[in-house]
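Q: got a predicted model here, sequence first, then my questions.
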Amino acid sequence: MPKRLLLAFFSLILASVISLPAQNAAPKNSSAANEERIHRVENGIPPIPLGPDQPPLQFTLQQLMDVLKVPGLSVAVVDNFQIAWAKPYGVTEAGTTNPVTTSTMFQAASISKVVSATGALYLVEHGKLSLDEDVNKELTTWKVPENEFTATQKVTLRRLLSHNAGTTVHGFPGYAVGEPIPTLVQILNGEKPANTAPVRVDLVPGTKQRYSGGGVTIEQLLIMDVTGKPFPQFMQQTVLGPIGMTNSTFQQPLPPDLAAHAAAGTLADGQPVPGKWHIYPELAAAGLWTTPTDLAKFGIEIALSRNGKSNRVLSEAMTRQMLTPQSGDVGLGFFLGTGGNPNVFEHGGSNAGYRCIMMMLSDTGQGLAIMTNSDRGMDVASYLIESIAKEYGWKYTAPKHSAGDVLSLIGAMRGTQAAMQEYQYIKKASPPPYELDENALNQLGYELLSSGKTDDAIQVFKLNVEEYPKSANPYDSLGEAYMKAGKKDLAIQNYTKSVELDPKNQNGIDMLKKLKEQK
């Protein structure tokens, strides 16, 4: 090769080597800038103002986790349709030192519903299912029982996805490790060993939005009947795999090789869930194991698809329909318009020992996924969402914290008496900083009861009875606290009063029967 050409060749190679990193690498100091943003998020938890002469409650993310006994948390933040950062906090199991990592799996609980909805809509696009056809036409292993409510209107996939099919059973408690696991048909029929009531239609389909995990379980069986595939296999092939959700599965029970990378659930009092977690055969409604990073990938895919920039699972037209209100604030799976922004789509989750949430702004490509291994995880996540939204300039107004949320946090940080003093301040303040109703003290009472502080819980419930003497629920709660304290006569007295005020209080009726049988 002539010397001139040889020099030109090496110049070209050198230019390529020099230019490639510049094209693909993040901007200079981006890592440092990102760390600064993370630091501001962790330390930007909004302070909670208290009554006169009281300093506001101020805490970092880790302090909030410690106070509320949340062992582990993992978060992924999305900006401009990309994962800006992901970070783990704490440990995978209360009382251990095993750290959470970005690949630690958590139970997604009801976020499973929107991932499952995506699989169902895939079948609609491919002509295997219809959104508006009677699901009984495609169900083969079980049928929705017909009754007076289904005489003129039918249960359809659209109605199941938007929670207005008139179906019963709000949610599922799961099954402790070692317990018998029912089949899907046994769950739908409420037959042993199922631990929930039969899934039935008790409202005219299409007339009222009512959240129904039972309806989503019908959806699960519908998918299985139409495809002839196990639900985890179908979801892996159509949704999880194509989106690149590599640390996600609908397999229940969790296989041993995956269980080694899973966080163990934690009860509200900080104690671990016996057996580490519950098993959820109601896969579509509550069975997904995943990570915040994988949920962020899922949210990004839905947002890009809505904008016509990706179709790895659904077309733009179908995704736009998915994110269009069908019944109230519910689309085909997602809740819409949270925080006063019509472009927000989100869903939260609550399984025994786990709390989580996924949110996206479809127009700006901003969002987050937060997963925790604690029943009190959302108490932390709600403040973390505010901090993230502020740092990244979201067009989003965080929902106002309830008086119950604030009292519960004060109780955890400064004790029951401080919380009750704050209640008196809120009650007398004009205008009140938080709206008060019977749920405020009731929430505080149950936080104390679940934390083993039964005597404190009784004092709070007694105050609630004094404040709302004509309401059945405070008496029911006080009865429960007395029962837990072993004071059966006082429990019977309060349950009796609760049933007198509300003869339809089935819980009170059941507890009275149980207590009287024990005497």
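A: Arrived safely, thanks for sending.
Q: give me the number of neighbouring residues for residue 136.
A: 17 (other Cβ atoms under 10 Å). C-beta: built from backbone N, CA, C; applies to glycine.
Q: likewise for the one 4 residues further on?
A: Around residue 140 sit 13 other residues, with neighbours defined as other Cβ under 10 Å.
Q: got phi/psi on residue 415?
A: Phi and psi for residue 415, reported as degrees, to the nearest 10, are phi 100, psi 170.
Q: so how far is residue 422 from it?
A: Distance, residue 415 to residue 422, by Cβ to Cβ, to the nearest Å: 11 Å.
Q: which of these two has more neighbours?
A: Of the pair residue 415 and residue 422, residue 422 is the one with more neighbours under other Cβ under 10 Å, namely 25 against 13.
Q: which of the three states applies to the more buried one?
A: Secondary structure, DSSP: H, G, I helix; E, B strand; the rest coil: residue 422 is helix.
Q: again, but for residue 347
A: Of the three states, residue 347 takes strand according to three-state DSSP.
Q: identify the bridge partners of it.
A: Taking DSSP bridges as the rule, residue 347 bridges to residue 358.
Q: next, the contact list for it, please.
A: Counting by Cβ atoms under 8 Å, 6 or more residues apart in numbering, residue 347 touches 110-111, 113-114, 333-335, 357-358.
Q: the strands in the stretch 101-250 of the chain, which residues?
A: 106-107, 175-176 (DSSP state E, counting those that start in this stretch).
Q: ok, and what's touching the first one?
A: When you say that, I think you mean strand 106-107. Residues from elsewhere that reach strand 106-107, judged by Cβ under 8 Å, 6+ apart: 74, 262-263, 265, 277, 280, 286, 288-291, 349, 351, 353-354, 356, 371-373.
Q: change it to 7 Å
A: Outside strand 106-107, the residues that touch it by Cβ atoms under 7 Å, 6 or more residues apart in numbering are 74, 263, 277, 289, 351, 354, 356, 371, 373.
Q: same deal with stretch 472-486?
A: Contacts of stretch 472-486 (Cβ under 7 Å, 6+ apart): 438, 442, 445, 449, 454, 457-458, 461-462, 464-465, 468, 490-491, 494-495, 497-498, 501-502, 505, 507-508, 511, 515.
Q: helix or strand with the lowest mean pLDDT in this structure?
A: Least confident helix or strand, the chain: helix 3-24 with a mean of 36, by mean pLDDT, DSSP states H and E.
Q: so what pLDDT did residue 268 get?
A: On the pLDDT scale, residue 268 is placed at 87.
Q: that one - that's part of a strand, no?
A: No - counting by three-state DSSP, one finds residue 268 to be coil, located in no strand.
Q: okay but it is in contact with residue 377, surely?
A: No - the criterion here is Cβ atoms under 7 Å, and residue 268 misses it with residue 377 at 10.0 Å.
Q: can you list the contacts of strand 106-107 in TSV and add secondary structure and distance to residue 220?
A: Shown next, in TSV, are the contacts of strand 106-107 (DSSP: H, G, I helix; E, B strand; the rest coil; distance: Cβ to Cβ, whole Å):
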residue	secondary structure	distance to residue 220
74	strand	26
263	coil	24
277	coil	20
289	strand	16
351	strand	16
354	strand	20
356	strand	20
371	strand	22
373	coil	25
